[in-house]
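Asker: Turn this into a model:
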Amino acid sequence: MGRSGERSIDAVLLDAGGVLLLPDPEAVRQAFAPLGATPDDETCRRAHYAGMREVDRLGRADWAAVDRVFARIAGVPEERIDDAVAVTEDIYLRRPWVPLPRVAESLRELQDAGFAMAVVSNAEGTMERQLAEHRICAVGGGEAADVAVVVDSHVVGVEKPDPRIFQIALDALGVSGDRCVHVGDTVHFDVEGARAAGLDCVHVDPYGYCPDDDHGHIGSLPDLVQALAAEAAPIERA
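Answerer: Modelled structure (predicted):
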């Protein structure tokens with residue numbers, strides 16, 4: 001942490017899923033209705049983070065197990081859970097994602113505060129386009145917050161937690177890992193991957209699923225903006 005107006009980081013790396021975007025709740029309802037579930041928006045949100053916690057519990061990306069957790073939290077009856085696995089894969093890979101609340105505003109606030117930014121996402125080759133279409137962020141900015149690069153694992157051929165994907169973003173930003181923080185929604189992909197690349201990581205965990213106390217947790221991206229603003233604030237003296 002910096003002292004008296006100094007700050008310890010210059011740049012922020014951002015995961016996309018769970019930090020900037022979530023699967024569209026309407027797409028979830030449409031997909032799960034034939035299986036007997038019509039979850040509300042909050043339940044869909046909870047299902048995503050519960051699924052990411054399953055990744056961390058297992059310590060690997062067993063997507064069938066993750067999809068089962070997602071479907072159970074979303075209310076799919078147990079006898080239809082196996083049917084839900086393929087449906088959930090479709091939701092994540094081929095259905096639209098939507099912005100989380102206040103993410104575009106939060107990125108603009110970070111930009112206005114002088115933080116450089118980049119996105120690092122395990123994705124399917126469309127992440128840069130999706131973020132630009134939602135006017136969340138874009139390389140070059142324009143109507144969205146400016147990011148140095150959107151590193152999509154499908155495009156670059158390496159994915160988190162491999163530290164090389166983080167290094168691609170650091171190189172684009174022109175900063176070292178000790179001057180940058182990563183924000184992500186998993187321990188396995190984000191916290192462990194960032195550490196391997198020499199970065200600290202803040203874990204987006206709005207439901208308190210993660211019991212670990214060796215890294216920071218926030219409920220949402222606006223919480224990070226508040227934390228960084230507090231770090232740079234001058235120390236008040238009596």
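Asker: Does residue 217 lie in a helix or a strand, and which?
Answerer: strand 216-218 (DSSP states H and E).
Asker: who touches that strand?
Answerer: Outside of strand 216-218, the residues within contact range by Cβ atoms under 8 Å, 6 or more residues apart in numbering are 183, 200, 201, 202, 203, 204, 205, 208, 210, 224, 227. Glycine gets a C-beta too; all of them are placed from N, C-alpha and C.
Asker: With the flanking residues excluded, which residue is spatially nearest to residue 20?
Answerer: residue 103 (4.9 Å; Cβ to Cβ, 6 or more residues apart in numbering).
Asker: Likewise for residue 202?
Answerer: Closest to residue 202 by Cβ to Cβ, 6+ apart is residue 216, at 4.5 Å.
Asker: Check residue 131 too.
Answerer: Nearest one to residue 131, counting by Cβ to Cβ, 6+ apart, is residue 137 at 5.3 Å.
Asker: Look up how far residue 50 lies from that neighbour.
Answerer: 27 Å (Cβ to Cβ, to the nearest Å).
Asker: and if you look at residue 226?
Answerer: Counting by Cβ to Cβ, the gap from residue 226 to residue 50 is 25 Å.
Asker: who's more crowded, these two?
Answerer: residue 50 (17 against 12; other Cβ atoms under 10 Å).
Asker: So which bits of the longest helix belonging to the chain are buried?
Answerer: The longest helix of the chain (DSSP state H) is helix 41-58. For helix 41-58, a neighbour-count test (16 or more other Cβ atoms under 10 Å) marks 43-57 as buried.
Asker: Among those residues, find me the one that's closest to residue 29.
Answerer: residue 44 (7.8 Å; Cβ to Cβ).
Asker: show me the contacts for that closest one.
Answerer: 22, 23, 25, 28, 29, 74.
Asker: Sticking with the fourth one, tell me its helix or strand.
Answerer: It stands for residue 28. In this structure, residue 28 sits in helix 25-32 according to DSSP H and E.
Asker: ok, and for that helix, which residues are buried?
Answerer: Here helix 25-32 shows 25, 27, 28, 29, 31, 32 as buried, counting by 16+ other Cβ under 10 Å.
Asker: Ok, stretch 112-125 next?
Answerer: So stretch 112-125, judged by 16+ other Cβ under 10 Å, has buried residues 115, 116, 117, 118, 119, 120, 121, 122, 123.
Asker: ends of that stretch, how far apart?
Answerer: 29 Å (Cα to Cα, to the nearest Å).
Asker: now that stretch, how far from the centre of its chain.
Answerer: Per Cα atoms, centre = their mean, to the nearest Å, the displacement of stretch 112-125 from the mean C-alpha position of its chain is 10 Å.
Asker: what is the mean pLDDT for it?
Answerer: Regarding stretch 112-125, the rounded mean pLDDT is 97.
Asker: What's the separation between the residue nearest to residue 202 and residue 176?
Answerer: Taking Cβ to Cβ, one finds residue 216 at 20 Å from residue 176.
Asker: Of the two, give the one with the bigger neighbour count.
Answerer: residue 216 (16 against 12).
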